[in-house]
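**Student:** any chance you can model this:
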Amino acid sequence: MNSERLQLDETTAQLVERVRIMEASRFWRLRNWWHRLKARIRRSNGAIAPLQVTSQPRTVYDRWRELHEPRAADIARMRGLAAALPHLPQISIVVATYETPQAYLRAMLDSVLAQVYERWELCVADDASRDPSVLATLRHYAARDPRIRVTARSENGHISAASNTALSLASGDYVAFLDHDDVLAPEALLEVAVALGTDPSCDVLYTDEDKIDDSGTWRDPYFKPDWSPESFLARMYVGHLLVCRRALVLEAGGFRSEFDGSQDYDLVLRLSERTGRILHLPAVLYHWRAHPNSTASTGSVKSYATSAAERALRAALERRGERATVHAKTESPGVYDVRFALTGTPRISLIVPTRDHGEDVERCLGAAFARTAYPSLDVTIVDNGSTEPDSLATFERLAAADSRIAILRQPGPFNFSRLINAGVAHAAGDVLLLLNNDTEAVSDGWIEAMLEYAQRPAIGAVGALLLYPDGTVQHAGVVAGLGGVAGHSHKHFPGDAPGYFHALRAIGNYSAVTAACMMVRRDAFERAGGFDESLAVAFNDVDFCLRLREAGFRNVYLPHVVLFHAESKSRGPETQPQAIDRFAREIATMKARWPVLATGDPYYNPNLTLDREDFSLDA
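**Tutor:** So this is what the prediction gives:
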């Protein structure tokens, strides 16, 4: 690079050099470094513009934005960085306009002109707006900048047709989709270009987003997970900003009018069938306009979008050869239940470890059988040295009364992993259901519902929504790194709460699920190597799920499978020094074995806190 020609100051030169050094690494390393650098320099009043606080922040998100959003001096330095990038993809921004209010239209156009990355073109198709000022404004802006290309449709064709018309104007390597009343952050295309330069194989990229209302208030930031196929079948979380390789969009056929209202959902579903190179950029680069007629204000404004999304999902499942039903969840706008047809009746073996607690085991199995009609079940009660006469008598009575129930004696010190492995070796099922003795099934058809997902070859462990006896959440998926090693999603939330952007109510991918109720095929269990017996008590299920992921499987949480769970009732609290030392060793083992605990869970956004289980901001 000709640093003298670019007149880079020392800070910018350091940034450029860092980009060069990290160009071959995964993007999140660059992204995390970039934000840490900005935050550190601001806190130390360094060369990048120091934080200027003029009033007390109103919300946590205000504080987060003051820490992370670039200031004017940052923007100026970014322009130098943009010019120095070794890879400069051409990005075509595709916009369809129709009766756009002037204030929103001009704000959208101005946000494009304000981009610090300059290798863009704006391709706008007006969908026969009746208001002549819309086209007049577009042509005025086009006259100001030759990168703005405008065409006017002679008749109104609605969003897909208009978007395809705008797409036909594009010549860039990538296309970015921008709604006519939304705005881009000034660094949006720069961040995208850096990501694409770091990973040139990327075909689809999406970013985080927030909303801006007519009063200028920034709110409702959505910090998304990385690409999660089952989560995407449950909700169109990808949203904005969506950037795609243009050739791939054209190959897929662009937008389809029969899915107007959810045309972007349909497009990404089709793109994901052609590529797995989908990158998430964890930065708020898109501001969704919240006004009375937008879906950003309320999901009920465009109910036709729900119907279109259901049709798009059904079409995708049919293309993929998967028999399934799709239903929108009325209590959670934008969330869809995809229920797969069972492909057979494989034998399912329930593995229930216990030491005494005969009443709990009887209650657990009674509820398990009462809530299912599945015809091919067996149970292995793994007895870890029970001594209570009543418990021993209960186990014998249960086994005598039901030929499906067997007792496996496994005396010795408590080692959950050893008990699970022994139970699996004893059981005959092709599908395994690990079940704590202190659980109680609530949902009818719960075993069938878990099998719907466990039968799918790409799926590893399937987990459920577990509630404490008081009805609050004990488990709704496990986040790696939360609390240092791993923590439960939405712990202690009300059981009927929607969770973070309806995550509690949506089927979704997580790094792990708890073995208190976990279904997994035997072939996947064996491929992952079973449970690690060096992890006797803590984190063995997390370790097992991470090994499933390492083997290429995805783990899934199902909100419609509900059980009560007293959580380790039979073992009780561990306060003895020996137990505390063992727990410390298990933590050390996990941290040494799994870098993801430090580098970040792909299903959990790095902008969210690791100190609490409530999906709150790290601010």
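**Student:** state the number of residues packed around residue 471.
**Tutor:** For residue 471, the count of nearby residues is 10 (other CB atoms under 10 Å). C-beta coordinates here come from the backbone N, C-alpha and C atoms, glycine included.
**Student:** now it: how far from residue 442?
**Tutor:** 10 Å (CB to CB, to the nearest Å).
**Student:** show me where the stretch 101-250 of the chain has strands.
**Tutor:** Listed in chain order, the strands of the stretch 101-250 of the chain (DSSP state E, counting those that start in this stretch) span 120-126, 148-152, 174-177, 183-184, 204-213, 218-222, 242-245.
**Student:** compare those and give me the one nearest residue 340.
**Tutor:** strand 204-213 (24.6 Å; CB to CB).
**Student:** what is the end-to-end distance of stretch 146-165?
**Tutor:** Start and end residues of stretch 146-165 are separated by 19 Å (CA to CA, to the nearest Å).
**Student:** got the domain ranges for the protein?
**Tutor:** Using automatic domain parsing, the domain parsing of the chain gives 3-80, 88-187+200-322, 348-599.
**Student:** redo the strands of the stretch 101-250 of the chain as a markdown table? Include mean pLDDT, distance to residue 346 and mean neighbour count.
**Tutor:** Listed next are those as a markdown table, based on pLDDT from 0 to 100; distance: least, CB to CB, whole Å; neighbours: other CB atoms under 10 Å:
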| stretch | mean pLDDT | distance to residue 346 | mean neighbour count |
| --- | --- | --- | --- |
| strand 120-126 | 98 | 52 | 26 |
| strand 148-152 | 98 | 56 | 18 |
| strand 174-177 | 98 | 43 | 26 |
| strand 183-184 | 97 | 50 | 22 |
| strand 204-213 | 96 | 35 | 22 |
| strand 218-222 | 94 | 39 | 17 |
| strand 242-245 | 98 | 39 | 24 |
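**Student:** residue 105: which of those strands is closest?
**Tutor:** Taking the strands of the stretch 101-250 of the chain one by one with CB to CB, strand 120-126 is closest: 9.7 Å.
**Student:** before we move on, the earlier item: and the strands of the stretch 101-250 of the chain as JSON lines, adding distance to residue 78?
**Tutor:** Listed next are these as JSON lines, based on distance: least, CB to CB, whole Å:
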{"stretch": "strand 120-126", "distance to residue 78": "14"}
{"stretch": "strand 148-152", "distance to residue 78": "22"}
{"stretch": "strand 174-177", "distance to residue 78": "18"}
{"stretch": "strand 183-184", "distance to residue 78": "14"}
{"stretch": "strand 204-213", "distance to residue 78": "16"}
{"stretch": "strand 218-222", "distance to residue 78": "20"}
{"stretch": "strand 242-245", "distance to residue 78": "18"}
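**Student:** what does stretch 224-232 rub up against?
**Tutor:** 206, 208, 237-239, 268-269, 272, 276, 278-280, 282, 453, 458-459, 506-509, 554, 556, 602-605 (CB atoms under 8 Å, 6 or more residues apart in numbering).
**Student:** secondary structure class for residue 543?
**Tutor:** At residue 543, secondary structure determined by DSSP: H, G, I helix; E, B strand; the rest coil is helix.
**Student:** hmm, back to that, closest one to residue 614 among the domains of the chain?
**Tutor:** domain 348-599 (7.0 Å).
**Student:** ok, and what's touching stretch 584-593?
**Tutor:** 484-486, 534-539, 542-543, 597-598.
**Student:** now do the phi/psi pair for the residue nearest to residue 252 when sequence neighbours are not counted.
**Tutor:** Leaving aside its sequence neighbours, residue 252 sits nearest to residue 270 (CB to CB, 6 or more residues apart in numbering; 4.7 Å). Residue 270 adopts backbone torsions of phi -70, psi -40, taken as degrees, to the nearest 10.
**Student:** buried subset of the contacts of stretch 224-232, written for ChimeraX?
**Tutor:** Only the buried entries of the contacts of stretch 224-232 go into this ChimeraX selection, using 16 or more other CB atoms under 10 Å:
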select :206,208,237,238,239,268,269,272,278,279,280,282,453,459,506,507,508,509,554,556,602,603,604,605
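**Student:** now, the contacts of stretch 224-232 that are in strands?
**Tutor:** Taking DSSP state E as the definition of strands, the contacts of stretch 224-232 contribute 206, 208, 278, 279, 280, 282, 459, 508, 509, 554, 556.
**Student:** and the domains of the chain, which one's lowest on average pLDDT?
**Tutor:** Ranked by mean pLDDT, the domains of the chain bottom out at domain 3-80, with a mean of 54.
**Student:** can you verify my assumption that residue 67 contacts residue 617?
**Tutor:** No. Residue 67 lies out of contact with residue 617 (CB atoms under 8 Å); the separation is 10.0 Å.
**Student:** OK, contacts around residue 393?
**Tutor:** Contacts of residue 393 (CB under 8 Å, 6+ apart): residue 358.
**Student:** if we can go back for a sec, among the contacts of stretch 584-593, which pair sits farthest apart?
**Tutor:** 536 and 598 (23.5 Å).
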